[in-house]
Structure formats: C-alpha cells, structure tokens
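# model this:
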Amino acid sequence: MSVVVGWDVGGAHLKAARAENGRIVEAIQVASPLRLGLERLAQSFVEAKAKIGTADLHAVTMTGELADTFSSRIDGVEQLSALAMRELAPAPVSLYAGRSGFVEPQAARQHADDIASANWFASASLAARVARRALFVDMGSTTTDLVPLVDGAIAARGYTDAERLAAGELVYTGLVRSFVMAVGDRAPFAGHWSTLVNEYFANMADVHRILGRLPDDADQMATADGRAKTVEASRARLARMVGCDVAHASEGVWSTLAEWFAERQIRTVVDGAMLVLSCGNMPADAPILGAGIGEAVVREVARRLGRKYVSFDSILDVAPAARGRASHCAPAAALAALASTSNGW
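Predicted coordinates:
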C-alpha cells in the first residue's frame, strides 16, 4: 500500500490529508498562526503528524509565505520549505509548484513564484479533470477562491495572489477570520446607519456563531478579546462594532445585525463570481463546484446565480467518514490525490 500525505501550510492553519492507494481516508486542520513564529508551526506539525500518521511521500503546498513573519514571499517559501522538510523527515518531501508541477525542496528558491500560494491550483487541477466545466469556489477561514474551469482546464486569468486579486479570482473574505469592519464600513442599527468602529473587536466567526451557522471546529483562532466562544460573548463583541454594550439592545437586534453582515459577505462572493463569469467562457449550465468550511455560503451563492451546486467531496475518491473534512481541506486532499498519481505513486 502506498501512502501519500498532502500538506497545506497556511498563515493561520496547517491542513493535512492522507491518501492510501490514492483514496483520501483522513483530513485534519490544526491551528498554526504564523504570526507567532516558526516554532509554533513546528509544534503544529508535531500535533498533525500524530493524527495523520506516517507516509511514503509528503507533498506540500503553502500560502503562509505571505505572513509578515517573513521579510518577503521568497523568504517565506524558502523557510517554510526547509521547515516542512525537517519536520517530515525521514520520508521524502515534494513541493507543489502549481503550473510547474512537483519540485524538490532544494529548488524552492528557484521556483518560489510558482510555489507561493499555489494551493488553489491543486484543488482546481483535480477538479478540472472531473468537472471539466464549472466555477470552482473554495471559501476558507480567510479567503475565497473563484476559479473558472473550461474544457477540463483551469481558465483563470491570474496565477499569483496579485494577479488573482486584480482578476477578481481571489476574494479576501472568509467564514471565520475576516474582520467585521472589512465586510462593510457601516451597518443598519437601531433604525439608522451606524458607522463602524475601525477596531478589531469582532470577526465573521462571531457573526456566524450568533446565527448558528458556524461549523464544528471551524473557529480555531483566539477571539478578538480573548474571551469565550459563546453566542453571548459573540454578541458582546459585535456590539462594540457599533459602539455599544450588548445590554443596549435585545438578542433579536444583535441577530439582525449579524444577519446583515452575513448578507454583505454573501454579496461580496456573488459579486466576485459574477465578475469571473462575465468573461463569457462559462456555459450557462456549468455548475458551482464548492469547497471549504464556508461551503454553506457557496451553496447560497449557487442558488442566487441559478446554477447547480456540486460538492468538492463528490468528485474525490474519499472514505465516507472523511468526506466533510476532505472538502474543508480541499487543497491538501487534492494534493494528496495528485501526488498519488505522480512519479509512480
């Protein structure tokens, strides 16, 4: 039996997926905020390895190189590659360089532009093999990828973060970590438009928690105020965004405010999807292929666009017990599957 583990090293989370003979049997996510330094990430690797097990080959992709822990993206690629190779030894490690395929860790600097933030390319590449024509939408904790798939190939206009931001194919909104004041600069409250306080008092995890829409284990980061992850505490954090205490209004008022922020976020993703679709290369019957912890939001986007919804886990060869987790960790799962069929694995 051949075992491949795909790793997705992000700026906030470390994700891993285990493939046995090409079939995904497990996927996990571990908090690993890079702002706390590389030692914290090394600890997360130890924790993840204990859960995901040993492998014949480790395949690694990343987005964490953008963290301000590093002096540059190239520096980030080099340091993260070296750390992964060290933490995953003695098994061989292969770096995913997106459009350039798999490369050796020693070639990280040479292929840095292709390695940096290429995790979306892994998911989209696997999806294109099966879905052929679809808009792939992966909503994670921090960002949302919007990738057109046409005739079995990735039809994205951008590749790097900068190019994808310009093309509307990378939208910086996520289910958990997005700051509330990044979703809108004002909100309806107490019968008028209230300007928001430009402080990190609450995030979208608070919004979705208040509404009862936060998936289990989706919010692994500390809260803005370091207090509890309860509905009441989330209401208190959201209240600060409009300069109030939670006692100043009823639970219904805070739920309405949370619903408005959730609606704004959905509209942002819909706008991004419509921008990508405006290129005109996507058939009217092409479905939305959704993944990530924000899959429920993506489903709603598909409904509003009048398109069929297909879940990413439905195109994977995945054990039933791991379906949801594999979709939440789509790049890691896709990478494990891709690496299983590359170089004889």
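# point to the residue nearest the middle of this structure.
residue 140 (2.9 Å; Cα atoms, centre = their mean).
# for it, report the pLDDT, please.
Here, the pLDDT recorded for residue 140 equals 97.
# one more: residue 132?
At residue 132, pLDDT is 89.
# list phi and psi for it.
phi 70, psi -50 (degrees, to the nearest 10).
# out of everything not next to it in sequence, what's closest to it?
Sequence neighbours aside, residue 152 is the residue nearest to residue 132 in space, at 4.5 Å (criterion: Cβ to Cβ, 6 or more residues apart in numbering). Every residue, glycine included, has its C-beta placed from N, CA and C.
# residues contacting the one you found?
128-129, 132 (Cβ atoms under 8 Å, 6 or more residues apart in numbering).
# all strands for the stretch 151-300 of the chain, in order.
153-154, 170-171, 186-189, 192-195, 288-291 (DSSP state E, counting those that start in this stretch).
# pick the most buried one from those.
The highest mean neighbour count among these, using mean count of other Cβ atoms under 10 Å, belongs to strand 288-291: a mean of 26.
# contact partners of that strand?
So strand 288-291 is contacted by 123, 127, 131, 134-139, 149, 273, 298-299, 301-302, 305, 307-313, 315, 327-328, 330 (Cβ under 8 Å, 6+ apart).
# most neighbours among the contacts of residue 152, please name it.
Neighbour counts for the contacts of residue 152 peak at residue 128, which has 22 neighbours (criterion: other Cβ atoms under 10 Å).
# so that one lies in a helix, does it not?
Yes: Residue 128: assigned to a helix according to DSSP: H, G, I helix; E, B strand; the rest coil.
# phi and psi next, for residue 14.
phi -110, psi 120.
# can you count the residues close to residue 88?
Counted by other Cβ under 10 Å, the residues lying close to residue 88 total 20.
# quick one: it from residue 162, how far?
30 Å (Cβ to Cβ, to the nearest Å).
# residue 240 against residue 200, yeah?
No: counting by Cβ atoms under 8 Å, residue 240 stays clear of residue 200, with 10.0 Å between them.
# quick one: which of these two has more around it?
residue 240 (19 against 15).
# and stretch 192-211, what's its mean pLDDT?
Stretch 192-211 comes out at a mean pLDDT of 98.
# I figured residue 123 hits residue 336, correct?
No: Residue 123 is beyond contact range of residue 336, at 11.5 Å (criterion: Cβ under 8 Å).
# quick one, which of those two is more surrounded?
The neighbour comparison of residue 123 against residue 336 (other Cβ under 10 Å) goes to residue 336, with 35 against 27.
# now the residue lying closest to that one once chain neighbours are set aside. Its backbone dihedrals?
Using Cβ to Cβ, 6+ apart and skipping residues adjacent in sequence, the residue nearest residue 336 is residue 6, 3.3 Å away. Backbone torsions for residue 6, taken as degrees, to the nearest 10, come to phi -90, psi 130.
# and residue 6, how far from residue 248?
48 Å.
# which one of these two has more residues nearby?
residue 6 (32 against 13).
# now the more buried one, which residues is it bridged with?
residue 17, residue 59 (DSSP bridges).
# does it touch residue 14 like I think?
No: counting by Cβ under 8 Å, residue 6 stays clear of residue 14, with 11.7 Å between them.
# residues touching the closest residue to residue 215 other than its chain neighbours, list them.
The spatially closest residue to residue 215, leaving aside those adjacent along the chain, is residue 293, at 5.6 Å (Cβ to Cβ, 6+ apart). The contact partners of residue 293, by Cβ under 8 Å, 6+ apart, come to 139-141, 175-176, 215, 218, 328.
# next one: residue 269
Neighbours of residue 269 in contact, by Cβ under 8 Å, 6+ apart: 137, 139, 144, 146, 171, 173, 297-298, 301.
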